[in-house]
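J.: Just to be clear, the model below is a prediction. Sequence and coordinates:
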Amino acid sequence: MTTHELVETAVSPPPSRSSRKRQDTIEFWLFVGPLVLGLLAFVYIPILWGFVLSFFRARNSVTPTEFVGLENYLELFGDPRFLDSLQTVIIFAIFIVPVTFALSLGLALLVNNAGVNTGLFRTIFFIPTACSYVVASLVWKTSLFNGLPSGFANNILWAINEINPIAWVNTADPPYYWLVLVTVRLWLQSGFYMIIFLAGLQEIPRSIYEAAMVDGAKPGRQTFRHITFPMLRNTSVSVILLLFIEAFQAFDEFRNILATGGSSGAQILARPPLVYLYNVAFQDQNYGRGAAGAFVIAALIMVVTVVQGRLFGFGRREHQ
């Protein structure tokens, strides 16, 4: 390279602002483009297509064949099985939400006060969250609550008071299957909400507790009632909202624990809405009504979430 060329290279102007902006735009879409395409192809377009399908008659095909308006929605609410599924999921939410809330908060309080072992116990309690709902449900059904004398639960009952084996899953009266359903979900999700409560506990300033000690407050129940729990208000509301949403989306444990087998996998004890809609769409091949039911459940979840948020004052500014 000659001296003249070196001088031209040294004094060449920097890239203009428009070219830099164009390059930044290209790099942005190279990173974000695959994500946007994935969301369009696998989330937004199927949701839009399902909404359109809910107003059509679609039997044995996902292609709309005949416009029926609100007929799918009206038939859905006229089906006693769908109304029973709503009752089932409400009962399930009444059981699982307060129990999970209390257990998660209790574990968070214990782990937060564990000192140097906080990390160890946090990991131990969080590990079940990584387990599949399907795998855990099958373990609960075939091992822990299998109804045989060799089952874990029946062995415990026999060791305590020589109680005869109980058919936990197949007994309708009394409904022992609720114990199986609640405990498996409790084991799976308590660790996750414990982490959320732990984050809230660690955000509470220690100076508040120190000031309370100076004023004569005793550690334990008194500080929990007047300091800890009020300071966890936003965290508690968030956890309750998430628990209700997850309860209304229950599927795996009901499907895998209560299915009686066979080609249809019939369920006669309890059927939440998602299991009912699964049977309608993929067994009865009624995709129009199945799509309508999906949007009904989504609307119910949104209504319950908004009502709870209003009742608990979620997001409301605190007045000084």
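T.: Done, it's in.
J.: The lowest-mean-pLDDT helix or strand in the chain: what's the following helix or strand?
T.: Least confident helix or strand, the chain: helix 3-10 with a mean of 52, by mean pLDDT, DSSP states H and E. Reading on from helix 3-10 to the C-terminus, the next helix or strand found by DSSP states H and E is helix 17-39.
J.: quick one: average pLDDT of that next one?
T.: For helix 17-39, mean pLDDT rounds to 85.
J.: so after it, what's the next helix or strand?
T.: helix 45-53.
J.: contacting residues around that next one?
T.: Residues outside helix 45-53 that contact it (C-beta atoms under 8 Å, 6 or more residues apart in numbering) are V62, P64, Y287, G288, A291, A294, F295. For glycine as for every other residue, the C-beta is placed from the backbone atoms N, C-alpha and C.
J.: just how off-centre is that helix within its chain?
T.: Mean C-alpha position of helix 45-53 versus that of the full chain (C-alpha atoms, centre = their mean, to the nearest Å) differs by 23 Å.
J.: okay, the angle between it and helix 17-39?
T.: 60 degrees (axes from the mean of the first three to the mean of the last three C-alpha atoms, to 10 degrees).
J.: Which elements pack onto the first helix or strand past helix 45-53 going along the chain?
T.: For helix 45-53, the following helix or strand on the C-terminal side (DSSP H and E) is strand 56-57. Packed against strand 56-57, as judged by 3 or more C-beta pairs under 8 Å, 6 or more residues apart in numbering; DSSP states H and E, are the following elements: strand 66-67.
J.: top of the contacts of helix 45-53 by neighbour count?
T.: G288 (28 neighbours; other C-beta atoms under 10 Å).
J.: and the gap between it and N72?
T.: 5 Å (C-beta to C-beta, to the nearest Å).
J.: Common neighbours of these two, please.
T.: Counting by C-beta under 8 Å, 6+ apart, the shared contacts of G288 and N72 are S54, F55, R57.
J.: Now do the contacts for the first one.
T.: Right, S54. Per C-beta under 8 Å, 6+ apart, neighbours of S54: N72, Y73, G288, A291, A292, A294, F295.
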